[in-house]
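Student: build me a structure from this.
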Amino acid sequence: MYAGSKAFFYALSRSATLKRLASTYGMATPDSFARRFIAGETIDEAIDCARRIQSQGFLLTLDYLGESVRTLEEATAATREYVRLMEVIVASGIERNVSLKLTQLGVDVDRATCVDNLRRILDPGAKHGFFVRIDMENSPYTEVTLEIFETLWQQDYRNIGVALQAYLHRTERDVRRMNELGARVRLVKGAYKESASVAYQQKAEVEAAFNRLARLLLDEGTYPAIATHDPTRIAATREHAAARRISSDRFEFQMLYGVRRDLQSSLVADGYRMRIYVPFGRQWFPYFMRRLGERPANVAFVLRALLSER
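Tutor: Have a look, this model is predicted:
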C-alpha cells in the first residue's frame, strides 16, 4: 500500500486533465484546496505567509516551486527569480533561508550551466547571509546532486546544505559522505515513486531506515534537520537526543506548510527548533500531488473541492 499510493499519485500528477482542473480551481480563492499546502503563486503571497509563520515562533524556508525545465532560457529565468526572491526577503526582514531543485536550474539541459546558475544564487546569498538547501529529487538525480554539492563545497561555498531520502538503499553511505564533509543534511522519508531495486517499498522498512539515519546524523552530523510529520519518528529522535545529551540547539525539526500544525506548535512549545517549508509559485501541481501521495487521507478533501467547483 505504501509504494502503491506513491505510484497512484505519480500517475495522477501526469494527468493533463487533472492538472488543468487543479490549475483553474486550486488557487482561485483564499480558501481554495491547494492553499492548504501552497503559500500562494506570487512572491508577495509567500512573504505574507512567511511573516505569519515567523511571528508564531517558527523558523522557515521559502521554496519557489518548479522542476524539470527543458531549456536554458527556462533555467535562467528560474535563477533570476531566485535572486529576485532573495532581494525581496532581505527587504522584508524575514529569515534568509531558501530551498531549490537542480532540475529547475537546468541540470537536465547542461550540467555546467546548472552549476553556474547555482553560483549566481549562492554568491548574493552568501553576501546577505542566506542558507540555501538543495532539495533531493528522484533517484536518477541523487548522485549528480551530491556531486554538484561537493563541487561547490570544495570551492568554499558553505552557505549550502542538501536533502537526503531515507527510503533509498544508498542513503546511509550518503549520510556518512556528507557527515565527513561537515555538511548540513535534511533527512526526509522520500516522496517519489521508486523501484525495489533502489528503495525500500514497505512502510516499516522506511521508518526503520529513517530512525537509523536520524541517529547517525544526530551523533555525527552537523546541525541536521529531521524532516517528518510522524509523531513516532519525532519521539524516537527526541529520545535519542536526550539519551546522548544532544541539546535542542544542535538540530532542528522540519515540516511542510499546512501539515500537522498541531504537532508543529507542540514542538515549539517544548523548546525545539521547528522549521516550516513554505512552497509557492505557479508550478505547484507536481509538489501538491506528492503531498497527497504521502497523506492519502487528503484525497477526499481535494476531490470534493474539485467537484463542487465544476
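Student: tell me, how many residues neighbour residue 271?
Tutor: 9 (other Cβ atoms under 10 Å). The way it works is simple: take the backbone N, C-alpha and C, and place the C-beta from them, glycine included.
Student: which SS class is it?
Tutor: coil (DSSP: H, G, I helix; E, B strand; the rest coil).
Student: pull the contacting residues for the residue lying closest to it once chain neighbours are set aside.
Tutor: Nearest residue to residue 271, sequence neighbours excluded (Cβ to Cβ, 6 or more residues apart in numbering): residue 248, at 5.6 Å. Applying Cβ atoms under 8 Å, 6 or more residues apart in numbering, we find residue 248 in contact with 241, 271-273.
Student: next one: residue 220
Tutor: 176, 179.
Student: make it 6 Å
Tutor: Counting by Cβ atoms under 6 Å, 6 or more residues apart in numbering, residue 220 makes contact with residue 179.
Student: one more: the one 4 residues further on?
Tutor: Residues near residue 224 by Cβ under 6 Å, 6+ apart: 185, 217, 251.
Student: ok, and the closest non-adjacent residue to it?
Tutor: Here the residue nearest residue 224, using Cβ to Cβ, 6+ apart, is residue 217, at 3.7 Å.
Student: host element of that neighbour?
Tutor: helix 203-220 (DSSP states H and E).
Student: pLDDT of the longest helix belonging to the chain, averaged?
Tutor: With residue count as the measure and DSSP state H as the assignment, the chain has helix 72-92 as its longest helix. For helix 72-92, mean pLDDT is 97.
Student: which parts of that helix are buried?
Tutor: 74-76, 78-79, 81-82, 85-86, 89, 92 (16 or more other Cβ atoms under 10 Å).
Student: of those, closest to residue 180?
Tutor: Checking these against residue 180 by Cβ to Cβ gives residue 82 as the nearest, at 28.6 Å.
Student: so who does that closest one touch?
Tutor: Counting by Cβ under 6 Å, 6+ apart, residue 82 touches residue 121.
Student: how about the strands of the stretch 151-300 of the chain, start to end?
Tutor: Using DSSP state E, counting those that start in this stretch, the strands of the stretch 151-300 of the chain run over 160-165, 184-188, 225-227, 252-256, 274-280.
Student: among the ones you listed, which is nearest residue 174?
Tutor: strand 160-165 (5.4 Å).
Student: tilt between the closest one and strand 184-188?
Tutor: 30 degrees (axes from the mean of the first three to the mean of the last three Cα atoms, to 10 degrees).
Student: and residue 309, what pLDDT?
Tutor: So, for residue 309, pLDDT stands at 45.
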